[in-house]
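>>> Here is the input, now give the coordinates:
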Amino acid sequence: MDRSTAGPHRMNPSGGCPHADNARLRARGSVVPVVLPGEIEGMAVLGHEALKAFLGHPDVAKSARHFTLLREGAIPEGWPLRTFATVQSMTTADGADHRRLRSLVSRAFTSRRVAELRPRVEELTDALLDELARAAAAGGGVADLRRHFALPLPMGVISELLGVDVAHRDRLHALSTQVVTTDIGSQRAVAANREFAALLGEIVAAKAERPGDDLTTALLAARDDDGDRLCAQELIGTLLLLIVAGHETTLNLITNAVRALCAHPDQLARVRGQQAGWGDVVEETLRWDAPVSYFPFRYPVRDVRVDGTVVPKGTPVLAGYSAAGRDPAAYGPDADRFDVTRPGRPGAVRHLSLGQGAHYCLGAPLARLEAETALRRLFDRFPKLELAVPEGELPRHSGFVGNSVDALPVRLSPDTP
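As a prediction, the model looks like this:
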């Protein structure tokens, strides 16, 4: 392909499996122009080294005040990616603002605090495995692992951390899904964001009346003790971020890992033979089938050159995690192969699927704990677990942000009497 004459790649709002498109795009270069929904021009960074450099570049910002078209009023309210730019949270803040917002929640996600959560994660995992078995018994031996296991585990953990009532969790997940979907219509996008903010407002109001030992109460205290530390919009934005990122990524990670192991029984055998650990499965899944495919947005504060390509000032840029994870320049000619021994090899390249630099995923230790616990206990209890339909028939996510399937029907081995 002639890179000089190839037009911008049109991002598919309906999503689907990204890997074939990623390979074609990487052949054009590690940084490519794209057309976002609504005919908005942007760029995507696809190569591992280019993405690593871009994520850590001092002239690249997260704040939407650097998004030229948004600042000029050219982005409509119902644009499906608008929330990614405008939500007031640490993910759209830079410098001192970012450090302030991140510090308010960071103590809940330290390695020590996460280690203290291990017994509760294990308890919840075992309870959900019971539920999965019941669902399979009621479904002729088949159950949707995503619905009955991969979803309620991270949603339950983040909800307990935030002090969110069980009654709200299904609706919060449904709204989270709409917020990250790129093929949603403008009216639905506006309605979903308004309902999400209203529901979070109700949760905050209830917590203000009945404080608890949870992160929402702590964030409320930070707002009330010093209004300069956390404004009302930042409180809602922080809760939205924690709920969406706190369960959607891990949900996709667990789902993708189970799919990968079912499709590669030789790799599952390596884990059982102790040639690799469950942590290696998690890391290889993060690389090979990243739970987030293209994450919006970053903006150059001046024209920035990345791997020989100029990214103009104010351009909305997608971080192509799924593309970078299979970059042959970083991972060799077998980059497309799922290999659970890869992460433990000397000199292995570390994936970027949880970010890089100041905006590295705050919840990474918790996501790893949840995924490792889920996979270990799932395959210990159901060692003959298999997909109930061919991989190619699994319904894909709608959108190019999240990367997974919408359902994962599996057939379980019977419990030992």
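>>> Would you map the strands across the stretch 51-200 of the chain?
With strands called from DSSP state E, counting those that start in this stretch, the stretch 51-200 of the chain shows them at 60-61, 142-144.
>>> closest one to Ala93 among these?
Nearest of those to Ala93, taken as CB to CB: strand 60-61 at 9.4 Å. In this view, the C-beta of every residue, glycine as well, is placed from N, C-alpha and C.
>>> what sits up against the closest one?
If you take CB atoms under 8 Å, 6 or more residues apart in numbering as the criterion, strand 60-61 is touched by 54, 94, 298-301, 304, 317.
>>> where in the stretch 301-417 of the chain is pLDDT low?
414-417 (pLDDT under 70).
>>> Where do the strands of it begin and end?
Secondary structure of the stretch 301-417 of the chain (DSSP E, counting those that start in this stretch): strands located at 304-306, 309-311, 317-320, 386-387, 409-411.
>>> I'd like these as CSV, with distance to Ala367 and mean neighbour count appended.
Putting the strands of the stretch 301-417 of the chain into CSV (distance: least, CB to CB, whole Å; neighbours: other CB atoms under 10 Å) gives the following:
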stretch, distance to Ala367, mean neighbour count
strand 304-306, 28, 19
strand 309-311, 29, 18
strand 317-320, 17, 26
strand 386-387, 23, 15
strand 409-411, 21, 20
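>>> Quick check: bridge partners of Leu34?
Just so we're on the same page, residue 34 is Val rather than Leu. His9, Gly42 (DSSP bridges).
>>> Contacts only, for it.
Contacts of Val34 by CB under 8 Å, 6+ apart are 8-11, 41-44, 318.
>>> re earlier: of the contacts of strand 60-61, which is the nearest to Asp336?
When the contacts of strand 60-61 are compared against Asp336 (criterion: CB to CB), the nearest one is Phe54, at 23.0 Å.
>>> so which strand or helix has the closest residue to Leu172 other than its chain neighbours?
Excluding its sequence neighbours, the residue lying closest to Leu172 (CB to CB, 6 or more residues apart in numbering) is Ile243, at 5.6 Å. Per DSSP states H and E, Ile243 falls inside helix 232-263.
>>> I'd like the distance from stretch 143-161 to the chain centre, please.
Offset of stretch 143-161 from its chain centre (CA atoms, centre = their mean, to the nearest Å): 14 Å.
>>> mind exporting that stretch as PDB, just the C-alpha atoms?
Taking Å, rounded to 0.1, in the frame of the first residue of the first chain, the C-alpha atoms of stretch 143-161 are listed here in PDB:
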ATOM      1  CA  ALA A 143     -24.400 -20.800  31.100                       C
ATOM      2  CA  ASP A 144     -23.300 -17.400  30.000                       C
ATOM      3  CA  LEU A 145     -20.000 -17.000  31.900                       C
ATOM      4  CA  ARG A 146     -19.800 -13.300  31.200                       C
ATOM      5  CA  ARG A 147     -23.200 -12.600  32.700                       C
ATOM      6  CA  HIS A 148     -23.100 -14.900  35.700                       C
ATOM      7  CA  PHE A 149     -19.400 -14.700  36.600                       C
ATOM      8  CA  ALA A 150     -17.100 -12.300  34.800                       C
ATOM      9  CA  LEU A 151     -19.500  -9.300  35.200                       C
ATOM     10  CA  PRO A 152     -20.700  -9.600  38.800                       C
ATOM     11  CA  LEU A 153     -17.200 -10.200  40.300                       C
ATOM     12  CA  PRO A 154     -15.600  -6.800  39.400                       C
ATOM     13  CA  MET A 155     -18.900  -5.000  39.700                       C
ATOM     14  CA  GLY A 156     -19.400  -6.500  43.200                       C
ATOM     15  CA  VAL A 157     -15.900  -5.600  44.300                       C
ATOM     16  CA  ILE A 158     -15.900  -2.000  43.000                       C
ATOM     17  CA  SER A 159     -19.500  -1.500  44.400                       C
ATOM     18  CA  GLU A 160     -18.500  -2.600  47.800                       C
ATOM     19  CA  LEU A 161     -15.500  -0.300  47.700                       C
END
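>>> which of the residues in that stretch are buried?
If you call a residue buried by 16 or more other CB atoms under 10 Å, then stretch 143-161 has these buried ones: 143-159, 161.
>>> hmm, back to that, most surrounded residue in the contacts of strand 60-61?
Tyr299 (26 neighbours; other CB atoms under 10 Å).
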